[in-house]
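K.L.:
How does the following fold in three dimensions:
(chains A and B)
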There are 2 protein chains.
Amino acid sequence: MDSPLGHSQPTDSLTDVRGLRVGHATRSGEGWLTGTTVVLAPEGGAVTAVDVRGGGPGTRDTDALDPRNLVQRVEAVVLTGGSAYGLEAASGVMAWLEEQGRGFPVGGPGRVVPVVPAACVFDLGRGGDWRARPDAALGREAVARASTEVVQGSVGAGTGAVAGGLKGGVGTASVRLSSGYTVSALVVVNAVGAVVDPATGVLYGRYGAGPVTYPPQELHTRAQARLAEARAETDRRQATEGEGAGAGGAGAEGAGAPPFGEPPLNTTLAVVATDAELTRAQAQKLAGTAHDGLARAVRPVHLLHDGDTVFTLATGDKPVPEGVLESLMAVNAILAAGADTVARAIVKAVEAADTVDGPGGVFPAYRDLYRDLYQD
Amino acid sequence: MDSPLGHSQPTDSLTDVRGLRVGHATRSGEGWLTGTTVVLAPEGGAVTAVDVRGGGPGTRDTDALDPRNLVQRVEAVVLTGGSAYGLEAASGVMAWLEEQGRGFPVGGPGRVVPVVPAACVFDLGRGGDWRARPDAALGREAVARASTEVVQGSVGAGTGAVAGGLKGGVGTASVRLSSGYTVSALVVVNAVGAVVDPATGVLYGRYGAGPVTYPPQELHTRAQARLAEARAETDRRQATEGEGAGAGGAGAEGAGAPPFGEPPLNTTLAVVATDAELTRAQAQKLAGTAHDGLARAVRPVHLLHDGDTVFTLATGDKPVPEGVLESLMAVNAILAAGADTVARAIVKAVEAADTVDGPGGVFPAYRDLYRDLYQD
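P.N.:
Numbers count the residues shown, from 1 in each chain, chains lettered A, B, ... in the order given. Modelled structure (predicted):
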């Protein structure tokens, strides 16, 4: 797919930024519907930044990323299901990195502390078992599997993801700018807000990004009805589960249905990467503009119950021009591409997801609801 | 116009939040094309917050708005042309407020310091004279004129505004939520990025916000050609002006055309208001989500050369519910409405603008380029 700002890359995925790898660990069935995704930097790490704009974030080791703080480069970033419990997955990634001697050196051979920033999505109970959450072992499994092939859809941290009642998941995209820089993104779409325009059935992220195919009204009406049925059925199954759950079970969800339909703690996570040699402050600015991709593809977004968080990894393969104006213009193009690439990755995540019909609920896939759009 | 989140208000403007007033001071002709807009709070002030997300902001007295800092309420906010020079307009507003005894009391009768946060847009040279900028007198004029009637288009801080080569300006909108709260916005659209989808001619802010009318291809092609001509003509006039200007003249603009067409320091400013009794921290969160309205209506946005800044004023007429969940849901709806209302105000600003053809350039109005859309 071509973008107005450049051309797509061989794999149209995060790993088009050379040196990056992605690993998923996925658990589903027997009460499980969750997982962990690790983005692994080249050995020696990448310049890493974060911008947290959701009102209900769950994160770990993000304060270290403030450009004023000590650690200059980071070896891996973790996205995980399991809400704040799932942040434990980062421990497994740290253990794996420590064994490789990768991390911030603190004196003496093999003595490193890997800073592994992590952010989570809320998917508790989606598989039926409120306590089935990623742990350190799952994080370790994900990082050990890291490769340049990025699987999309209901995998890794996107396994239990839901967006406005639709099945969410992992999506990825990349663009090569005319300046030669690559900008890529990986997202986990688990939003409180909608990714589909309820008036038309169009994925919000498609607006303003090329020709839009409007679903026929009849198809859209039928899809909306099926989605409403699925939501009602999910509420029934969650209520039943709640009766059987102990303290800290589904009670929090039952305490009042939020106006946006899904459980009250959802999140869109993103990792945006570039091969440009950004400073840490520039990387942080990129994390900020990448949130504009969320704003375009998810509505509403950044509310109190979203944990919306964007990480940036800049591998630094390609220097930024030295002239002041040239440098600003190069960075501007990267900032703009960050937003565009995130919006496109969100579209791809929703389109790649598979319908789930399990003990924790019914979460229809967009491709199933709007199947006629995808047939020739 | 109805919104999916509520109903529009009597005036569909910022002042639908009771007690707020807006005043414009406008200078055009004889080298001038600039002005100042003041939003005046009810006596005693409003809870005020700010979120600066552009990379090239020009602001004054914004650090006082950090929720950790002293001043609890603010009497007025200033939006102004004249780039950082124009921030002087706030001095005139301060003088006017001091005369009224309005401001932060610092001991003794009449001893007040009015905190008047301000942000500027870059419009230098747009009227032909690089040195024709708002000053304290213009700020005073604007606040003295404050009323509940909000004029839109090429007035006040929007007088010299341009957005992606089109004439920008002031726009305003409001919505009354089903919960009873009013959320309103006033924007000054002066963006580096485009407000019009170059592929279709549709204003970006219209996507996902109800039925979209696509201009006929022929109309759009003609409009794009006229816009390109206007840009070229503007470049010619600015170059001529630069030859006559002294040091610090148009040279900065001539030093290399930025990739997004217009002068390199543009900005979208917004004031978002609500009658809800928000805390200062909640008001700051609202300023953040309001930036999502910018993300939807302007592309790209929040780049290094944008000074994108959103202020929030919460008058506190209507309390937020006391229950934790009820309070969160009420605030969530306000946060979402902030983004929607800002996007709609941006559309209205562009549609209200008038074409300018003067010594500083040719800035066509969207309504003129796409006139056929507005005829029955």
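K.L.:
Please report how far residue A:194 lies from residue A:135.
P.N.:
Applying C-beta to C-beta, to the nearest Å, the value for residue A:194 to residue A:135 is 32 Å. Every C-beta, even on glycine, is put in place using the N, C-alpha and C of the backbone.
K.L.:
Look at those two and report which has more neighbours.
P.N.:
residue A:194 (23 against 16; other C-beta atoms under 10 Å in any protein chain shown).
K.L.:
Contact partners for the more buried one?
P.N.:
A:163, A:164, A:204, A:260, A:298, A:299 (C-beta atoms under 8 Å, 6 or more residues apart in numbering or on different chains).
K.L.:
which one among those gets closest to residue B:333?
P.N.:
residue A:260 (9.5 Å; C-beta to C-beta).
K.L.:
In chain A, which residue sits furthest out from the middle?
P.N.:
residue A:108 (36.3 Å; C-alpha atoms, centre = their mean).
K.L.:
Pretty sure it sits in a helix.
P.N.:
No - Residue A:108 is assigned coil when assessed by DSSP: H, G, I helix; E, B strand; the rest coil, not a helix.
K.L.:
Got the phi and psi for residue A:196?
P.N.:
Main-chain dihedrals, residue A:196, degrees, to the nearest 10: phi -110, psi 130.
K.L.:
and it, what does it touch?
P.N.:
Residue A:196 neighbours (C-beta under 8 Å, 6+ apart): A:164, A:166, A:202, A:203, A:204, A:350, A:366.
K.L.:
List the beta-bridge partners for it.
P.N.:
residue A:203 (DSSP bridges).
K.L.:
what does the stretch 151-300 of chain A put close to chain B?
P.N.:
A:193, A:197-199, A:202, A:204, A:207-208, A:210-211, A:255-256, A:258-260, A:285, A:288-289, A:291-292, A:294-296, A:299-300 (C-beta under 8 Å from any C-beta of the partner chain).
K.L.:
swap the cut-off to 6 Å and go again
P.N.:
A:197, A:204, A:207, A:208, A:256, A:259, A:289, A:292, A:295, A:296, A:300 (C-beta under 6 Å from any C-beta of the partner chain).
K.L.:
which of these count as buried?
P.N.:
A:197, A:204, A:207, A:208, A:289, A:292, A:295, A:296, A:300 (16 or more other C-beta atoms under 10 Å in any protein chain shown).
K.L.:
The third one contacts residue B:209, doesn't it?
P.N.:
No - counting by C-beta atoms under 6 Å, residue A:207 does not reach residue B:209; the two are 9.7 Å apart.
K.L.:
about what we covered before: the residue farthest from the centre of chain A and residue B:10, how far apart?
P.N.:
Taking C-beta to C-beta, one finds residue A:108 at 72 Å from residue B:10.
K.L.:
At which residues are the helices of chain A located?
P.N.:
A:89-99, A:136-144, A:217-244, A:251-254, A:280-297, A:324-352, A:366-369 (DSSP state H).
K.L.:
Among those, which one carries the weakest average confidence?
P.N.:
In terms of mean pLDDT, the lowest-scoring of those is helix A:251-254 (a mean of 34).
K.L.:
tell me the contacts of residue A:266?
P.N.:
By C-beta atoms under 6 Å, 6 or more residues apart in numbering or on different chains, the contact set of residue A:266 is A:122, A:190, A:191, A:192.
K.L.:
in the sheet, who's paired with it?
P.N.:
residue A:306.
K.L.:
Model confidence score at it, please.
P.N.:
You'll see residue A:266 listed with a pLDDT of 77.
K.L.:
same question, residue A:249
P.N.:
Looking at residue A:249, its pLDDT is 33.
K.L.:
What is the end-to-end distance of stretch A:29-48?
P.N.:
35 Å (C-alpha to C-alpha, to the nearest Å).
K.L.:
nope, stretch A:306-326 is what I meant
P.N.:
Stretch A:306-326: ends 37 Å apart by C-alpha to C-alpha.
K.L.:
Please identify the buried residues of it?
P.N.:
For stretch A:306-326, by 16+ other C-beta under 10 Å, it's A:306-318, A:320.
K.L.:
again, but for stretch A:35-44
P.N.:
Neighbour-count burial for stretch A:35-44 [16+ other C-beta under 10 Å]: A:35, A:36, A:37, A:38, A:39, A:40, A:41, A:42.
K.L.:
out of those residues, which are inside strands?
P.N.:
Under the assignment DSSP state E, these contribute A:35, A:36, A:37, A:38, A:39, A:40 to strands.
K.L.:
For chain A, give me the ranges with low pLDDT.
P.N.:
A:1-9, A:241-265, A:376 (pLDDT under 70).
K.L.:
how about 80 then?
P.N.:
Residues of chain A meeting the criterion pLDDT under 80: A:1-10, A:192, A:240-266, A:375-376.
K.L.:
ok, back up a step: need the residues of the stretch 151-300 of chain A next to chain B in CSV (columns: distance to residue B:170).
P.N.:
Below are these laid out as CSV (distance: C-beta to C-beta, whole Å):
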residue, distance to residue B:170
A:197, 28
A:204, 27
A:207, 25
A:208, 23
A:256, 40
A:259, 32
A:289, 25
A:292, 23
A:295, 22
A:296, 24
A:300, 25
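K.L.:
List just the nearest of those residues to residue A:227.
P.N.:
For these, the nearest to residue A:227 is residue A:197 (13.0 Å; C-beta to C-beta).
K.L.:
that older thread, could you identify the most distant pair in the buried residues of stretch A:35-44?
P.N.:
Using C-beta to C-beta, the pair of these lying farthest apart is A:35 and A:42, separated by 24.0 Å.
K.L.:
picking up where we left off before, I'd like the ones in strands among the buried residues of stretch A:35-44 as TSV, with distance to residue A:340 appended.
P.N.:
Shown next, in TSV, are those (distance: C-beta to C-beta, whole Å):
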residue	distance to residue A:340
A:35	27
A:36	27
A:37	22
A:38	25
A:39	20
A:40	25
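K.L.:
and which of those residues is nearest residue A:156?
P.N.:
Using C-beta to C-beta, these come closest to residue A:156 at residue A:37, 3.4 Å.
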